[in-house]
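Participant: Give me a 3D structure for the following:
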Amino acid sequence: MRMILPDKEFFSIGEVAKLTQLPAYVLRYWETEFNALRPLRRDSKHRKYTKKEIEQILEIKELLYDKKYTIEGARKILSPQRKKKSDGAQLQMELDHGAAASELIRETKKTLQEIYKLLK
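Facilitator: Next up is the predicted model:
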């Protein structure tokens, strides 16, 4: 389930709390536990979250609340090495899909050429 976020570049901690349905203190705590959560700070020292960080928060929330992982377990799943492996698997799947699409295009072209010959 993917949330559609408002078309903004940055979000305050209050906005993120409402969007994710998490208290602000939980968001602040997660910043200490997950390296991926490092919102920018303005001159006023207020946190400004990006859409990517909100997506990470939602992923953490799913791991902790829905899938019942511990913080340590969620940290392992979100670790860069694991991410690289899953990104590699995703890339391979996209390459396989692209190869299948290319084959389908070749077959379609061949069929159209045969139809063209018949119509001549």
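Participant: Please count neighbours and contacts with C-alpha atoms only from this point.
Facilitator: Fine.
Participant: Show the average pLDDT along the helix or strand hosting Arg28.
Facilitator: Per DSSP states H and E, Arg28 falls inside helix 24-33. The pLDDT scores in helix 24-33 average 96.
Participant: With stretch 36-44 instead?
Facilitator: 87.
Participant: Give me the below-cutoff pLDDT ranges for this protein.
Facilitator: 1-2, 81-101, 103 (pLDDT under 70).
Participant: What count of nearby residues applies to the nearest residue to Ala24 once chain neighbours are set aside?
Facilitator: With sequence-adjacent residues excluded and distances taken as CA to CA, 6 or more residues apart in numbering, Ala24 is closest to Ala17, at 5.5 Å. Neighbour count for Ala17, taken as other CA atoms under 10 Å: 17.
Participant: on that earlier part again, quick one: contacts of the helix holding Arg28?
Facilitator: Contact with helix 24-33 is made by 13-14, 17, 37-38, 57, 71, as judged by CA atoms under 8 Å, 6 or more residues apart in numbering.
Participant: Flag every buried residue along it.
Facilitator: 24, 27, 30 (16 or more other CA atoms under 10 Å).
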